[in-house]
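# What follows is a predicted protein model with its sequence.
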Amino acid sequence: MGINIEELNLIEKYIKKKSKDKIRMIELGNQVIIPFDLKSTGRVAKHYFESIGIEHISMDLNGEDGALTYNFDHDIKDYNNWADLVTNSGTLEHVNNQYMAFKNMHNFCSIGGYMIHVLPPTGFWHGHCDYFYTEEFFKNLAEKNDYDILDLYEYYRPGNENLFHCVFRKNKESFIEENEFNILKQKYIKSK
């Protein structure tokens, strides 16, 4: 999807909340910052975050623009507990194995770290992806994983359609079992 000004402001809000000198960030997908006016061109988000002093890793199947090539359908152990901030700006709705995708994101994040989701709600983005989310999904996922919900709202993305913004703080190491997640998925995630 890319990162627009609203999403960039959200990410920067949580960067500022970290009191560490060096912040580590994992970005799911090789994102670009969407131009703020029609005359400018998109900028690779990785380059922007590195320019403001963030130790940054992006992961994408395409392996472009410095992104590490990973498939979120599989268990990725290389960066467990590495990141202070993990961002999902329109990536996980394209991943077949929803359980593993959300588990990987959880595992990348350190205790006390933030996970930022920007995902399509049900009823929007027709033909864009395989999965669409409900507010109940985020609330139940937070309850099952002992996450603090720091932000959760739906907003209209100018020029597109509505999106959810959800920010979790990770409080414990373990992630829910696959059967528990699949119950949440069946109840609160809609597929095309």
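Great, that's in hand. As the structure is a computational prediction, the values presented were derived from the model and not from experiment. Numbers count the residues shown, from 1 in each chain.

# Could you pull out the helices in the protein for me?
5-17, 45-51, 98-108, 135-145, 178-188 (DSSP state H).

# just those helices: most buried one?
Ranked by mean neighbour count, the helices of the chain are led by helix 98-108 with a mean of 23 (mean count of other C-beta atoms under 10 Å). Yep, even glycine has a C-beta here, placed from its N, CA and C like the rest.

# Quick one, grab the pLDDT at Gln31.
You'll see Gln31 listed with a pLDDT of 93.

# Tell me how far it lies from Cys109.
Separation of Gln31 from Cys109 (C-beta to C-beta, to the nearest Å) stands at 17 Å.

# Same drill for those two, tell me which one is more crowded.
Neighbour count, other C-beta atoms under 10 Å: between Gln31 and Cys109, Gln31 has more, with 28 against 25.

# List the contacts of Ala45.
Residues in contact with Ala45, defined by C-beta atoms under 8 Å, 6 or more residues apart in numbering, are Ile3, Glu27, Gln31, Val32, Ile33, Ser58, Ser89.

# what's the spatially closest residue to the last one that is not a sequence neighbour in contact with, if anything?
Same thing as Ser89. Leaving aside its sequence neighbours, Ser89 sits nearest to Val118 (C-beta to C-beta, 6 or more residues apart in numbering; 4.6 Å). With contact set as C-beta under 8 Å, 6+ apart, Val118 has these partners: Met1, Ile3, Glu7, Leu10, Thr87, Asn88, Ser89, Gly90, Leu163, Phe164, His165.

# On the pLDDT front, check the first one for me.
In this model, Met1 is scored at 63, pLDDT.

# how many other residues sit next to Lys18?
Residues lying near Lys18 (other C-beta under 10 Å) number 17.

# Hmm, I typed the wrong one, I wanted Asp60.
20.

# Can you pull out the low-pLDDT segments for the chain?
1, 36-42, 158-160 (pLDDT under 70).

# Give me the angle between the strand ranked longest in the chain and helix 5-17.
In the chain, ranked by residue count with DSSP state E as the criterion, the top strand is strand 109-119. Relative orientation of strand 109-119 versus helix 5-17 (axes from the mean of the first three to the mean of the last three C-alpha atoms, to 10 degrees): 170 degrees.
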